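K.L.:
this one's sequence-less:
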């Protein structure tokens, strides 16, 4: 068991499972498990409680931890006041409302904002369960049980926590052989890790933004990926319940093969089983018995409606405690209404016709397997569509997705048969699945199999994470493993992927800086803020919308943001170019603006210094590189910079920095309502918008969807316009293909970008190999910020200098090899 | 008690497990945690017990603690009579 636990810890470390704080907690839990194993049974619960409190201390600072425990104790204390039960409930509701006002920031509180999601996850539902059981139990209350229930060990690292039933929590404690419980826990933890790794694969390779859905195949992919992203929830829940097993809590499974549900009631029983049990206990049965005198069908309808209305409201309530605001969206209403309707129809059918149940594994027949496959496919397909509804930003956006139905490109058809074949196969497998194993021999064999699976698969995964000299893997495989190693944003624009209800709750630390600091050892400083937040921008009345204010000197992302009198992040320059000076203008976005480094560390400053040191005194007396880059600017903004700001400075060359994701950024900018409402200032863009059928009223996702097929044309015509404008001004246009620091898989886009720029009349300098041989952790500013580091900029400066020298025309133009003044 | 177990077993086999070998359904076969009884089936069993033995279930009594095995069910019914 220690070997299995050690391998699981390695996986948690190597693949950065959940958060760095979770690794610390998992180490604590592992050490605690070994101690608990040897403790007499009567001491184990108190030890678990002590370990849970230590876990809180490990993640939070002492004062914060004390606040969390103090607030919790106050709420638990109310449950046990020596007054009537109804009075206790009333006081608890009032306390909840008071805390709610504080959660909504109506008043300031002396504790950190990091506390709220955890306090919420510990108490928002468990208090209901606890009170429910308290009201029906007559026995004495045990303090260690109560405190262990609310402050249970893994909770501090999981704001979205499975809803554990208090009675089940107590009744399942060491209710069978301890080794069997421990082995189950280890297996569930392993399963949780595999779910999280599978989630990362789905997120990176399958998930699409609504704007990416341009044909039926894309729509199917969008639906499937929306449902598969639920793997992250089941991954977290398995880790939580698995860890609790290590301390004797033989809890039931939280999710059980939910993608293989063969009907909606079956799904309701398999997916988030703890939620289903909570709903049955607190809402369904009380509602059903309250309508005792009505016919059975009426009671089922009434109780099911109560359950689904409660589920909808409580999901909004959960959102409030974790995120700080109530959630109301019509697509949520539609989701719960449709799911409720489907479960109800299924329940009524089963109530009337009965359901085939069996004590033993049945024999496999083709007919039964086919029937099961079809039902499984149908349920899976319906849930994919339903989850896409829950994941969409709005009902309008989701309805807009359906406009692509009918566009059956070749790729669309490829998905359908694969889907059907996979479903039939899983149905067949499911048909063969044993109903339940019962004999001691079967149980022993099952435990051994699980142990072998954990050790074997963990060892392989650990080796894959650290191939070293042991494994020679293809580049694509290495890239996939690299993507698996960390929970990072997808290559696609985060803003375009509406990641849904659970994704938002599971990523709550991204929206809660204080919680992020607790979960990451080298935490993002609270002052790591955007240009807008530090008031470094001023509005413009052209397509750029904003520009940097002149003469700034502000702390900015670990450095100082200094701008000159022209609003460039650079030293001062005269408008008139000095004699015998070669002047270059650099256009770009946050990479080129030097986010996360100082002005003198930006690659253009390093290059300028090098040119003046090594080449000056030859053809030119001086080289100047003027940095016009501003964070958030893309090609369209750069056209405006060229026309409005650069021309008076009379540069000889304009360097336009581009990255492989520019196709997407361009159409993304164009899809913004602001870009369309007043009409684009560029005739070629107006023509493309008209051709794509995009008008000023269309929602951004729908506009984006229509613009995707025109991405190449938008970029190419922008390049042509840009190059012509440069030529008119006597400037040489050069496109710099700048590498991304962490992303991969954009090779084809880079090649296309380079080709289009060259066709449009740009000289292209490909710098995409600048970081080759360097680990991405060295060339990014910080784990939470992927802009190039000081080393990243130095490598870029060196690569750019080399590229300039290697390009004959540019080398001659810059006189890199001559010594005659022009 | 044995009589109650017999009645309960007969009902379970007739309603939910037609064609199954009666010997497979023992006094300790897990009905709820083993997935044999889902919520709809559990409510049918509750309705049967209420009608047969003339008492009323409370909502919190419909759980695995009281209904998970034939033995549990018999003990619970016995306590209500």
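P.N.:
In hand now; what should we look at? Here the structure is a predicted model, which means the values were calculated and not measured.

K.L.:
drop to CA atoms for contacts and neighbour counts, all remaining ones
P.N.:
Fine.

K.L.:
okay, and residue A:631 sits in which element?
P.N.:
Assigned by DSSP states H and E, residue A:631 belongs to no helix or strand.

K.L.:
can you pull the contacts of the closest residue to it other than its chain neighbours?
P.N.:
Take residue A:631 and drop its neighbours on the chain: the residue closest to it by Cα to Cα, 6 or more residues apart in numbering or on different chains is residue A:590, 3.7 Å away. In this structure, residue A:590 makes contact with A:629-633, A:787, judged by Cα atoms under 8 Å, 6 or more residues apart in numbering or on different chains.

K.L.:
same check on residue A:224?
P.N.:
Neighbour list for residue A:224: A:381, A:384-385 [criterion: Cα under 8 Å, 6+ apart].

K.L.:
repeat for residue A:561
P.N.:
Per Cα under 8 Å, 6+ apart, neighbours of residue A:561: A:552-555, A:569, A:598-599.

K.L.:
what subset of those residues is buried?
P.N.:
Neighbour counting with 16 or more other Cα atoms under 10 Å in any protein chain shown marks A:552, A:569, A:598-599 as buried within the contacts of residue A:561.

K.L.:
show me the contacts of residue A:224 that map onto helices.
P.N.:
In this view, the contacts of residue A:224 that belong to helices under DSSP state H are A:381, A:384-385.

K.L.:
quick check, nearest of these to chain B?
P.N.:
The nearest member of the ones in helices among the contacts of residue A:224 to chain B, counting by Cα to the nearest Cα, is residue A:381 at 23.6 Å.

K.L.:
can you report how many residues lie near that closest one?
P.N.:
Burial of residue A:381 is recorded as 19 neighbouring residues (other Cα atoms under 10 Å in any protein chain shown).

K.L.:
show me what contacts it?
P.N.:
Residue A:381 makes contact with residue A:224, according to Cα under 8 Å, 6+ apart.

K.L.:
just the pLDDT for it.
P.N.:
As predicted, residue A:381 sits at a pLDDT of 89.

K.L.:
residue A:360 now?
P.N.:
You'll see residue A:360 listed with a pLDDT of 61.

K.L.:
C-terminal to the helix or strand where residue A:303 lies, what's the next element?
P.N.:
Assigned by DSSP H and E, residue A:303 falls within helix A:296-323. Per DSSP H and E, the first helix or strand lying C-terminal to helix A:296-323 is helix A:330-353.

K.L.:
tilt between that following helix and helix A:296-323?
P.N.:
Using axes from the mean of the first three to the mean of the last three Cα atoms, to 10 degrees, the direction of helix A:330-353 lies 150 degrees away from that of helix A:296-323.

K.L.:
got a list of contacts for helix A:330-353?
P.N.:
Outside helix A:330-353, the residues that touch it by Cα under 8 Å, 6+ apart are A:263-265, A:268, A:297, A:300-301, A:304-305, A:308-309, A:311-312, A:386-387, A:389-390, A:392, A:394-395, B:40-41.

K.L.:
which element, helix or strand, includes residue 77?
P.N.:
Chain wasn't specified; assuming chain A. According to DSSP H and E, residue A:77 maps onto helix A:62-79.

K.L.:
not quite, go with chain B.
P.N.:
Going by DSSP H and E, residue B:77 is in helix B:70-80.

K.L.:
mind listing what's buried along that helix?
P.N.:
In helix B:70-80, residues buried by neighbour count (16+ other Cα under 10 Å) are B:70-75, B:77.

K.L.:
quick one: it near chain A?
P.N.:
No: on the criterion Cα under 8 Å from any Cα of the partner chain, helix B:70-80 is out of touch with chain A, staying 13.9 Å away.

K.L.:
that helix: how far from the chain's middle?
P.N.:
Helix B:70-80 has its C-alpha centroid displaced from the chain centroid by 9 Å (Cα atoms, centre = their mean, to the nearest Å).

K.L.:
and for residue 64, the neighbour number?
P.N.:
I went with chain A, as the question did not name one. The tally of other residues near residue A:64 (other Cα under 10 Å) stands at 19.

K.L.:
chain B was what I was after
P.N.:
Neighbour tally, residue B:64, other Cα under 10 Å: 15.

K.L.:
residue contacts, residue 2?
P.N.:
Assuming you mean chain A. By Cα under 8 Å, 6+ apart, the contact set of residue A:2 is empty.

K.L.:
was after chain B, sorry
P.N.:
The contact partners of residue B:2, taken as Cα under 8 Å, 6+ apart, are residue B:74.

K.L.:
next one: it from chain A, what distance?
P.N.:
Using Cα to the nearest Cα, to the nearest Å, we find residue B:2 at a distance of 22 Å from chain A.

K.L.:
from residue B:21, how far off is that residue?
P.N.:
Separation of residue B:2 from residue B:21 (Cα to Cα, to the nearest Å): 19 Å.

K.L.:
quick check: phi and psi on residue 21?
P.N.:
Defaulting to chain A. phi -60, psi -30 (degrees, to the nearest 10).

K.L.:
please go with chain B instead
P.N.:
Torsion angles, degrees, to the nearest 10, at residue B:21: phi -70, psi 120.

K.L.:
please apply the same query to residue A:104.
P.N.:
Torsion angles, degrees, to the nearest 10, at residue A:104: phi -80, psi 10.

K.L.:
surely it meets residue A:323?
P.N.:
No: between residue A:104 and residue A:323 there is no contact under Cα atoms under 8 Å: 9.4 Å.

K.L.:
looking at the two, which is more packed in?
P.N.:
The neighbour comparison of residue A:104 against residue A:323 (other Cα under 10 Å) goes to residue A:323, with 23 against 15.

K.L.:
residue A:656 belongs to a helix?
P.N.:
No: Residue A:656 is assigned strand when assessed by DSSP: H, G, I helix; E, B strand; the rest coil, not a helix.

K.L.:
roughly how far apart are it and chain B?
P.N.:
Distance check for residue A:656 against chain B: by Cα to the nearest Cα, it reads 64 Å.

K.L.:
do residue A:231 as well
P.N.:
Note on residue A:231: its distance to chain B, by Cα to the nearest Cα, is 23 Å.
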